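S.K.: Pasted the sequence and its predicted model underneath.
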Amino acid sequence: MNYELRQQGESRSFPAGDPFLAGAVDGADVIIYLGAPFEADDNVAVILIELGTDCLGVHTGENAGREGSNVLGFARYRNGDDPPSNLIELVRQPGTQESAINAAKALFEVAGFEVVVCTDQVGRIVDRLVRPKYNVALQFLDEGLATAADMDLTCRLGLGYADGPIERLERGGLRHHYDVSKALFDIYATPTFAPARRAAIAKQREDL
């Protein structure tokens, strides 16, 4: 399936050199916005807007739960500075056209990605699941419940995870965890989304 890219600046989903960038053509029926200003177009099958911690509604506007068109949001999950994963979170609105959803899923699946569809919520699926766990792990480290190495080893051996929470956060960058957790906390005010102390310090040190 052909797609056109309209890009301005670096993309977190598809950084420079990503093979997906090379497959773009001009004049396709699917338009993907990577940081570029969004323009509506009812004459194409689907428009895809790359999201960060923002909601799709920021770009399209909202209408009392009736919003939706051929425009969807998406984000390729990425742990901070780590390379992007193979997971695409596809964001729909209540009135999003099913044909647009199907076209977007087909595009990414043909390109080799795993695709999940979710509603337009800050944090989507993955971040709303994992950020509270990361904050608790950082809190446990502060309280001396266990060392970072012991928590990471427990998650790898006891739970079968590929890595532990502390090593994952430090590898990806605690400052990134702060940014995502803060965005979640600002919207939902759920205490478990509040950035942990070590993440806040990492963010403060970013500008030193």
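M.R.: Perfect, thanks for sending it. Because the structure is predicted, anything quoted here is derived from the model rather than measured.
S.K.: Same question for the lengthiest helix in the chain: list its buried residues.
M.R.: In the chain, assigned by DSSP state H, the helix with the most residues is helix 126-143. Neighbour-count burial for helix 126-143 flags 126-128, 130-132, 134-135, 137-138, 140-141 (criterion: 16 or more other Cβ atoms under 10 Å). Backbone N, C-alpha and C define where each C-beta goes, glycine included.
S.K.: show me what contacts the nearest residue to I125 once chain neighbours are set aside?
M.R.: With Cβ to Cβ, 6 or more residues apart in numbering as the criterion, I125 has its nearest non-adjacent residue at 5.1 Å, and that residue is C118. Under the criterion of Cβ atoms under 8 Å, 6 or more residues apart in numbering, the contact partners of C118 comprise 89-92, 124-125.
S.K.: repeat that for 6 Å
M.R.: Shown here is C118, whose contacts under the criterion Cβ atoms under 6 Å, 6 or more residues apart in numbering are 89, 124-125.
S.K.: quick revisit: average pLDDT for the longest helix of the chain?
M.R.: On average, the pLDDT along helix 126-143 is 97.
S.K.: Mind listing residues that contact that helix?
M.R.: Counting by Cβ under 6 Å, 6+ apart, helix 126-143 makes contact with 77, 148, 151, 165, 169, 177, 180-181, 192, 196, 198, all of which sit outside it.
S.K.: gap between the nearest residue to F113 once chain neighbours are set aside and E62?
M.R.: Using Cβ to Cβ, 6+ apart and skipping the chain neighbours, the partner closest in space to F113 is I88 (4.7 Å). As judged by Cβ to Cβ, to the nearest Å, I88 and E62 stand 23 Å apart.
S.K.: can you check E89 too?
M.R.: In this view, E89 and E62 are 19 Å apart by Cβ to Cβ.
S.K.: More neighbours: which of those two?
M.R.: When neighbours are counted by other Cβ atoms under 10 Å, E89 comes out ahead of the other of E89 and E62, with 21 against 15.
S.K.: Verify the stated contact: the more buried one with A75.
M.R.: Yes: assessed by Cβ atoms under 6 Å, E89 is found in contact with A75 at 5.2 Å.
S.K.: Tell me how this protein divides into domains.
M.R.: 4-119, 126-205 (automatic domain parsing).
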